[in-house]
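1. Sequence first, predicted model second:
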Amino acid sequence: MTKQDLINAVATKAKLTKNGAAAALAAVLDSIAGTLAKGGKVTITGFGTFSVSKRNARMGVNPRNPSQKIKIPAMKTPHFKSGKSLKEAVRG
């Protein structure tokens, strides 16, 4: 499913215009991204939790030259943990 498919599904189920659904989706995604950027956590009960994970610095291998080692810096990455209802819906 693409973003446009999701907008169409939201517009149909919520009986909104496509522009209204696109604005609502953009607001939700911006709110999640903004909270994560501040180091916060977003929990949607039954669906899942978005959080920020910290990755330690490590040594890696240059894919173009496997004999060359490169240093990969420490960084923060987004993380998603699915909720019980989502897991049950997927499992069937």
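-> Good, I have the coordinates. Numbers count the residues shown, from 1 in each chain.

2. Tell me the helices and strands packed up against the longest helix seen in the chain.
-> The helix that spans the most residues within the chain, counting by DSSP state H, is helix 18-37. Helices and strands touching helix 18-37, by 3 or more C-beta pairs under 8 Å, 6 or more residues apart in numbering; DSSP states H and E, are helix 3-13, strand 42-44, strand 48-55. For glycine as for every other residue, the C-beta is placed from the backbone atoms N, C-alpha and C.

3. mind listing what the closest residue to Lys18 other than its chain neighbours touches?
-> Spatial nearest neighbour of Lys18, excluding adjacent residues (C-beta to C-beta, 6 or more residues apart in numbering): Ala11 at 4.8 Å. Contact analysis of Ala11 by C-beta atoms under 8 Å, 6 or more residues apart in numbering lists 17-18, 20-21.

4. Can you add pLDDT and distance to Thr77 and give those residues back as a markdown table?
-> Converted to a markdown table, the contacts of Ala11 look like this (pLDDT from 0 to 100; distance: C-beta to C-beta, whole Å):
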| residue | pLDDT | distance to Thr77 |
| --- | --- | --- |
| Thr17 | 96 | 35 |
| Lys18 | 96 | 32 |
| Gly20 | 96 | 32 |
| Ala21 | 97 | 29 |
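
5. Go through these and give me the one with the most neighbours.
-> Highest neighbour count within the contacts of Ala11, by other C-beta atoms under 10 Å: Ala21, with 20 neighbours.

6. Next one: it from Met59, what distance?
-> As judged by C-beta to C-beta, to the nearest Å, Ala21 and Met59 stand 46 Å apart.
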